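A.B. asks: one predicted model, sequence on top.
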Amino acid sequence: MRKLLMMMLIAIMGSFTVTAQDMKPKKAFRTAKRSLRAFENDNEKVDKLDESVDLIMLAAKDSDMKEDPKVWNLMGDIYSAYLELDYKNSLLDENYKPQYLQEANKAYMAYNKGFEVASKNRDQDDALTGMAGLIQSMSNSGITVLQGGDPMGAYNIFRNVMDIHERLLEHEKDSPLNDIEAYNNQLFLTGYAALLGEQYELAKPYYQELQENNYDDPSLYEGLFQIQMQEDPDAASAILQEGREKYPDDLTLLYAEINMALQNNEIGSLEEQLKEAIKKDPENVSLYATTGSVYDRLYQEVSVEDPEQAEVYFDSAQVYFERALEKDPDNVDAIYSIGALYYNKAAQGTQELQVLADDLSSEGMKAYDKKKEEVDKIFDEALPYFQKAERVNPNDRNTIIALKEIYARRNMMDVADEFDRRLKLVEEGNQVSGSYFKENE
């Protein structure tokens, strides 16, 4: 029994020794190596890996040992083990979420420090070998960070991957990125992350090098277009045109062309582009709504000069808005847009009424009454769409304004006043409590 108690005491003291902050730095270094080896032999022992981090940190704080490359290279090995753990877990469980994303950069910085303080080729080679082994796992970590919505965090990881590759080339070592396809893919990831972070100057050299390497992917032109738009819209347009000619079936480039035409108010050129996009992506509700908006704008442009053509555009706008609602009955943009289509047409009619009101002859008054009946009917056609839009989004300012005006025209002042109250709330930055029409159904 005494012997058993002694063995237990030794075991307990041993556990305290491992975690004690007053452990000698050299012993901490040796123990860290043993803890890492224990984890490598059994990946279930994550506590041994955590333990090795504390120990190697203790060693690295020592004024003498922090100049020893073996300390930093071991630190790199420890952090690399976390990355391997993430990778293995992801293979075993498709729903696994990586836990050690920041360890990629930590491992790189440790190896980099080991390389800097090394005076022997062997220690430098160990650091470079560690860095080379990081490339794939670091890239995977960067992709996960990017997918998590942190583009600049991903960019920093990807940039370090590129730095490792350049360091390996400089010292004539093998790199996983020596393969041109792998290299181009890493270039793209790095530039793309910077682009998503709207750091266009950071993205630019990566996309330019991809272009020099004849990178065969439409996303190259999309990126070059976005970058060039910050400097020279005309040059950006030329890049986009080149991309469209090279990849005529790519939807992303087609959408970029459509958006550019919208920004430049080049409405006339949009008809065919939007119809082409709908043909390639028939389930995209926004395409139908955008096409309807284009026809609405064309209608407004020619409504006075060419009433006959204006009616053609009006009907086309209505058709496309209704197609959007067929795809998504609760699409508030399409619902509101049909109401606005009728509302704007009625508003044009009110201008004609003002002219007719000056003619007090019998014929003039008849013409006025007839036109007013037509205008009121069009306002009535707009109303149910605005009511539905208000049910979906009771805080939309434009919908509230339209409802207020329509009910005022109907002399339903109690309702008009209610929407005037709601309008003031919204314009003051507040939210209305709920939909008026849901509350009064």
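C.D. replies: Nice, thanks for sending it over.

A.B. asks: packing partners for the host helix or strand of Glu390?
C.D. replies: Using DSSP states H and E, Glu390 falls within helix 362-392. On a contact count with 3 or more C-beta pairs under 8 Å, 6 or more residues apart in numbering; DSSP states H and E, helix 362-392 meets helix 332-356, helix 397-409, helix 436-439. Yep, even glycine has a C-beta here, placed from its N, CA and C like the rest.

A.B. asks: next, the buried residues of stretch 129-141.
C.D. replies: Within stretch 129-141, the residues that count as buried by 16 or more other C-beta atoms under 10 Å are 129-135, 137-141.

A.B. asks: adding distance to Lys246, write those out as CSV.
C.D. replies: As requested, the buried residues of stretch 129-141 are exported to CSV (distance: C-beta to C-beta, whole Å):
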residue, distance to Lys246
Thr129, 41
Gly130, 41
Met131, 37
Ala132, 35
Gly133, 38
Leu134, 35
Ile135, 31
Ser137, 34
Met138, 32
Ser139, 27
Asn140, 30
Ser141, 33
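
A.B. asks: count the residues that sit near the closest residue to Tyr336 other than its chain neighbours.
C.D. replies: Nearest non-adjacent residue to Tyr336, counting by C-beta to C-beta, 6 or more residues apart in numbering: Ala389, 4.3 Å away. Ala389 has 28 neighbours, counted by other C-beta atoms under 10 Å.

A.B. asks: could you do Val332 as well?
C.D. replies: So Val332, with other C-beta under 10 Å, has 16 neighbours.

A.B. asks: which residues touch the residue nearest to it when sequence neighbours are not counted?
C.D. replies: If the residues on either side of it in the chain are set aside, Val332 comes closest to Val392, at 4.4 Å by C-beta to C-beta, 6+ apart. Counting by C-beta atoms under 8 Å, 6 or more residues apart in numbering, Val392 makes contact with 330, 332, 335.

A.B. asks: can you check Met413 too?
C.D. replies: The contact partners of Met413, by C-beta under 8 Å, 6+ apart, come to Tyr407.

A.B. asks: hang on, the earlier thing: and the angle from the helix holding Glu390 to helix 397-409?
C.D. replies: Angle of helix 362-392 versus helix 397-409, following axes from the mean of the first three to the mean of the last three C-alpha atoms, to 10 degrees, is 140 degrees.

A.B. asks: what comes up buried for helix 362-392?
C.D. replies: Buried, per 16+ other C-beta under 10 Å, within helix 362-392: 367-368, 371-372, 375, 378-379, 381-383, 385-392.

A.B. asks: just want the phi and psi numbers for Lys120.
C.D. replies: phi -110, psi 140 (degrees, to the nearest 10).

A.B. asks: again but with Asp179, I slipped
C.D. replies: Dihedral angles (degrees, to the nearest 10) for Asp179: phi -70, psi 130.

A.B. asks: make residue 1 into 19 and carry on from there
C.D. replies: Got it, first residue is 19 now, which makes that one Asp197.

A.B. asks: what's the neighbour count on it?
C.D. replies: 10.

A.B. asks: quick one: it from Leu186, how far?
C.D. replies: Using C-beta to C-beta, to the nearest Å, we find Asp197 at a distance of 13 Å from Leu186.

A.B. asks: in TSV: the contacts of Val410, plus distance to Leu101.
C.D. replies: Compiled in TSV, those are given as follows (distance: C-beta to C-beta, whole Å):
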residue	distance to Leu101
Asp348	45
Val350	45
Ile353	50
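
A.B. asks: mind listing what Tyr273 touches?
C.D. replies: Ala295.

A.B. asks: read off the pLDDT value for it.
C.D. replies: In this model, Tyr273 is scored at 78, pLDDT.
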